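>>> All I have is the shape, not the residue letters:
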């Protein structure tokens, strides 16, 4: 693929291609390493349970724009996105360590706001902040959080566990975080062109909240535990539903058939998508950042899950050879492609 | 301290002041959290042992300069500095997760070099790379590693455990990494002024190696275990001996008397310091980045430790009220101040 070239651009691989490429050379030596690179969190055998370890880096200019992101919300979101990775393994987060790199453009008061958000999330999700590193950068703000959690050995859900015939479900609703980002970006452009204009954010509270202050679905982990259902496969929806379906399909060696009319969207979000000229289905499939859960389970668990109002069955797993498809509202079969956000 | 000011510059606090300030608001809720912010690693109760968790961020332009730092060495050093934090708790590192943020200035081949260094260190130190995050930045390279390790419950060493009367020891030799940095910086300046000049690095191999490719003293942990000595207090020397002594003194509520003529320095390093017009003692006290260990132990363990050739007793702990002092070679008592590298 990269022959006859002294320099290979990272954009040729994309984020997932780069990770796959680098992961090939990784050798695991500890018997306690149950799962390394390739899932939402690493899984380490700690005797009577599994310990989970994940990390997430957020870079100013790539992941957030401080012109419309309050530092309080940013701190909260940085913690939540990490907790969501632990939740995606059907586990509970317990501890985090936070690394910050910041330029002298930030005052103590600004960092206090960021930390207030971090500590609010710690309080809401019952996570202990136990360490970190604070350092200066020449430019911008970078936040890295490593999150540590746990899961009972018989409850862990991997991306690789989906079986043909499984039903596919998502929690909550999709696409709103993407629309929130779209609205914030639009208002920023208007502000830069016409600083005297007042921002028009009315009626968009839910969408903007979904973008700026997402939540991790720990409540779903509790529900699954209560009704005694362990998903065969699970992920959180950070890059977009299509991208996450692709990951589970690849790792589980299955295909998926998903039904457009089953995809859950908030009513206001749907209307705003139409207003903005954005296909609501595209927002749900490719938007990302909703931090809802995508999971698959055997049909025998359907009755138990069907009673939970915040869980929606959107399709089922098929044989690998059948591939990934979306059945449109007009009953046309479309090929589904992974359109996760390629940060690189 | 910061009254009458709407904006407080981070430089007014420094790195340690900022950490102390932010840590005040942290509340710990998990019974498993044995030690949070304030030591080389967090300590979490995992039943039959303690788990250790640390994180370290390295930022281009602050922590490394790619004009003279090969990416291979940088990757190695990034892992080693994290392992050293676990070693400083008298523990062994087992797993790491690596976050990278990089601009499109870096090619795949460059990142492969960096990863080769990371994986070499993983191999040397028997650590499993189990996950990470790779993202793009607008500028520069940032590496964050979170390191996970373990220690027997009766073997953990904190910064806070030093007792009056303890002997103070360091491993290996000090100051060489700082001199290595000085030489690399000098050659960079010369190169920028006179690109036709050949770099004069002859005879400086050891110093440059100490700067570019430090090692973590896991061998010392094995020795301490073999001779059945558990340090009352321990740290790794990353910011400089004086700064680390200050941390242990503050947390253990003791003072220290250190003897200049006991401080261990490599013979070539000593000579190069003189040649460069740098006081060798200043290089040892304030240089940092040697990643040697500083630890204290009861006098009753002296006979056991005195047999180990790579451990040097440099002084003893005194009452808190006596403060920190250096007894010079000419037997003059100097007040020792914390002169850790203030990155902020």
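Structure's in. What do you need? Keep in mind that this is a model prediction, so the values were computed, not measured.

>>> Could you tell me which residues make contact with residue A:112?
For residue A:112, the contact set (C-beta atoms under 8 Å, 6 or more residues apart in numbering or on different chains) comprises residue B:22. C-beta coordinates here come from the backbone N, C-alpha and C atoms, glycine included.

>>> any idea how far it is from residue B:132?
Using C-beta to C-beta, to the nearest Å, residue A:112 is found at 29 Å from residue B:132.

>>> care to break chain A down by domain?
A:32-151, A:159-335 (automatic domain parsing).

>>> Quick one: end-to-end distance for the last one.
It refers to domain A:159-335. End-to-end span of domain A:159-335 (C-alpha to C-alpha, to the nearest Å): 21 Å.

>>> any idea of the mean pLDDT in it?
Averaged over domain A:159-335, pLDDT sits at 94.

>>> touching chain B at all, the strand or helix carrying residue A:143?
Secondary structure from DSSP states H and E places residue A:143 in strand A:141-151. Yes. Strand A:141-151 lies within reach of chain B by C-beta under 8 Å from any C-beta of the partner chain, at A:142, A:144, A:146, A:148.

>>> Do the helix or strand containing residue A:54 and chain B come into contact?
If you go by DSSP H and E, residue A:54 is part of strand A:50-59. Yes. Legend: contact between strand A:50-59 and chain B by C-beta under 8 Å from any C-beta is shown at A:51, A:53, A:54, A:55, A:56, A:57, A:58, A:59.

>>> in stretch A:58-71, what counts as buried?
The neighbour-count check on stretch A:58-71 (16 or more other C-beta atoms under 10 Å in any protein chain shown) flags A:58, A:59, A:60, A:62, A:63, A:64, A:68, A:69, A:71 as buried.

>>> Please compute how far it lies from its chain's middle.
Centroid separation for stretch A:58-71 versus its chain: 17 Å, with C-alpha atoms, centre = their mean, to the nearest Å.

>>> Now do stretch A:20-30, average pLDDT.
What stretch A:20-30 shows for mean pLDDT is 90.

>>> near chain B, anything from it?
Yes. Residues of stretch A:20-30 are located near chain B by C-beta under 8 Å from any C-beta, namely A:21, A:22, A:25, A:26, A:27, A:28, A:29, A:30.

>>> What strands flank the strand holding residue A:54, and is each parallel or antiparallel?
Paired neighbours of strand A:50-59 in the sheet (DSSP bridges): strand A:42-45 (antiparallel), strand A:141-151 (antiparallel).

>>> Dump these to a markdown table, plus mean neighbour count.
Formatted as a markdown table, the strands paired with strand A:50-59 follow (neighbours: other C-beta atoms under 10 Å in any protein chain shown):
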| stretch | mean neighbour count |
| --- | --- |
| strand A:42-45 | 22 |
| strand A:141-151 | 26 |
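
>>> Can you lay out these as a markdown table showing distance to residue A:266 and mean pLDDT?
Output for those, formatted as a markdown table (distance: least, C-beta to C-beta, whole Å; pLDDT from 0 to 100):
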| stretch | distance to residue A:266 | mean pLDDT |
| --- | --- | --- |
| strand A:42-45 | 33 | 97 |
| strand A:141-151 | 28 | 97 |
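
>>> export those strands to TSV and tack on distance to residue B:239?
Formatted as TSV, these follow (distance: least, C-beta to C-beta, whole Å):
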stretch	distance to residue B:239
strand A:42-45	30
strand A:141-151	20
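
>>> before we move on, back to that, which of the residues of stretch A:20-30 next to chain B are buried?
Buried by 16+ other C-beta under 10 Å: A:21, A:22, A:26, A:28, out of those.

>>> ok, the residue positioned nearest the centre of chain A to residue A:84 distance?
What sits nearest the mean C-alpha location of chain A, by C-alpha atoms, centre = their mean, is residue A:238, with 2.0 Å. As judged by C-beta to C-beta, residue A:238 and residue A:84 stand 7 Å apart.
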